[in-house]
Every structure is written in structure tokens, then in C-alpha cells.
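In: show me the folded form of this:
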Amino acid sequence: MTGRARIGVVGGNGWLGSAMIAAALAQKAVAPGQLIVSSRSGNKGSLGDVPLTWTQDNAELARLADIVVLSVGPAQFRDVHLDLSGKLVLSVMAGVSCDAISARTQARRIIRSMPNAAAAIGQSFTPWFATPAVTAEDKAQAQAFLAASGDAVEVPAEGHIDFCVGLSGSGAAFPALLAEAMIAEAVAQGIPRAFAARAAKGVVCGASQLFRGADVETGAIVKEMIDYRGTTAAALQAMIDNGFNGAVAAGLRAALKKAASIASDNT
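Out: Below is the predicted model:
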């Protein structure tokens, strides 16, 4: 629980902000009366029926809130001018560094986090990093809010957050790409697309639950299948030989590079 601290969400009517608010309310991490949400357009989106405090003025939100969540796009952040000194600031923006947030808002107690789209179903994996000025109470409050959307874990270095833009921030995109590649090959082999899609989703969404547990080692699963030397082993080896690992690494590096370019634009 976040106690009775008032939480202001800048851009809370967007898809991510609204998903995290809905999850926090559903998990009773916050009460409706604790939340202040800003929307410059006045559009309340999916939160229209929830009894929250709404404002079109970010400065008013900053005055009322103890904790300010920055849930805007990195490009939009360049137009955000707020004095958040003395506030706990929780950012869910990709690529915007703690230094950049501090320079723009005068805040010192800053937590950067990287949720993903699975927050909408309470399944986001959300790493977060805290600046030295963040207190133990601040961390507990942030953990409660972020964990309501799934799993939240503190990391020791801010650079980990930038790498997680690709690693976990991608959400469903990477599994969807794998499923689409499987579907495309099945269709090329004459299998109806509807059937292929159902089969691929069964693997990506269903069978993958076998390694969801913390005590299950994914590398051990791959090794076991390869050592069995059956049809799955043949498929895995062919994928590896055709650059599967390298393609994934290239994708993660590209996401990290993009995060760095966003950071550069915000300094």
C-alpha cells in the first residue's frame, strides 16, 4: 500500500498510465481519492467512470500530489515544465535519464521504471532504479504501485533500465514476432492461417508457461531438447545455425541505441 500519499499521474489518460492506475486500484495499492490525473485535452479515456481528481493543469497536479508519476512520451517530456522539488518522481518514460528529469523538474528523489504493455492484464515485468536521495519509504511506495501491474524489481544501475527497454519493455512484441514467423512458415507449407495462428499462440502463450517458475532454468530446457536429438532438437539447432541468437542480440542492442538517442534528445 502507498499509505495516504497523494499520487499525481501526468498523462494518466494514456494507455500505459491508465493501465497502471486501473491495476493499482484493482489491487487496492491505492484508493481513488489518492489519485490526481492530468489530461491536457480533458479526455478521461478508460478511466472516465472512476472517481478520481482530474485536472488539465500539470502545475495544479504538482501542487496537490506527494508522488508524481511521469507517464508521457519522451518527446512530450520536452514540453513539460514543472517544479517537483521535494516530491518523489516516478518515471515510466523510456530513455529519459534521472539527470534529465532532475534538470527539468528540480526533483532529487527520482525512480525510473520500465513497465510494458502487459500492465493492462497485471502481467508486466517492471525493473526500477532509484537515485541516492530516494528513501526506504519512497521505495516501498513505488514498489507497491508498480507491483500492482505485475512483478517489479529494483536494479542497482540506471543503465540496466535502458537495456530493459528492449529486454522487457518490448512486452508482447518479441513473442508476437516469433509467432508470426512460425505462422508464415506454416502458411507457406499449405496450412490454413487460422489453424497456424492458433497453434503458434498455443506454443508462445501456453507452452511457455512451463518455464515461468523462478526455479526453472531456460537454458536447461534448451539443452535437454537438443540432447534428446529429436525433431525439436533439429529445429533448435537450425535456428541457432541460421543466426537466431545473433538476431535477438542485434535487436536488443538496437533498442539500447534508440534509448540512448532519446536520452541525448532530452539533455
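In: name the residues of the lowest-mean-pLDDT helix or strand in the chain that are buried.
Out: Lowest on mean pLDDT, DSSP states H and E among the helices and strands of the chain sits helix 74-77, with a mean of 90. For helix 74-77, the neighbour count (16 or more other CB atoms under 10 Å) marks 74, 77 as buried. From N, CA and C alone the C-beta is placed, and that goes for glycine too.
In: helices or strands next to the helix or strand just after it in the packing?
Out: As assigned by DSSP states H and E, the chain's next helix or strand after helix 74-77 is strand 88-91. If contacts are counted by 3 or more CB pairs under 8 Å, 6 or more residues apart in numbering; DSSP states H and E, strand 88-91 sits against strand 67-70, helix 98-105, strand 109-113, helix 136-147.
In: name the strands paired with strand 88-91 and say parallel or antiparallel.
Out: Applying DSSP bridges, strand 88-91 is found paired with strand 67-70 (parallel), strand 109-113 (parallel).
In: and the first one, how far out from the chain's middle?
Out: So that's strand 67-70. 15 Å (CA atoms, centre = their mean, to the nearest Å).
In: using CSV, list the CA coordinates for that strand.
Out: This file holds the C-alpha atoms of strand 67-70, laid out as CSV (Å, rounded to 0.1, in the frame of the first residue of the first chain):
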residue,chain,number,x,y,z
ILE,A,67,4.3,11.5,-5.6
VAL,A,68,4.3,12.5,-9.3
VAL,A,69,4.2,9.8,-12.0
LEU,A,70,5.6,11.0,-15.4
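In: following the chain onward from whichever strand or helix holds residue 36, which element is next?
Out: Here residue 36 sits within strand 35-38, counting by DSSP H and E. Where DSSP H and E defines the elements, the next helix or strand beyond strand 35-38 is strand 53-55.
In: pLDDT on that next one, on average?
Out: Average pLDDT, strand 53-55: 93.
In: switch to numbering from 7
Out: New numbering, starting at 7: the last item is strand 59-61.
In: who does that strand touch, helix- and strand-wise?
Out: strand 41-44, helix 64-70.
In: same thing but at 7 Å, please
Out: strand 41-44 (3 or more CB pairs under 7 Å, 6 or more residues apart in numbering; DSSP states H and E).
In: the strand it packs on pairs with which strands, and in what direction?
Out: Using DSSP bridges, strand 41-44 pairs in its sheet with strand 13-16 (parallel), strand 59-61 (parallel).
In: list the contacts of that strand.
Out: Residues outside strand 41-44 that contact it (CB atoms under 7 Å, 6 or more residues apart in numbering): 12-19, 27, 53, 58-62, 64, 67, 70-71.
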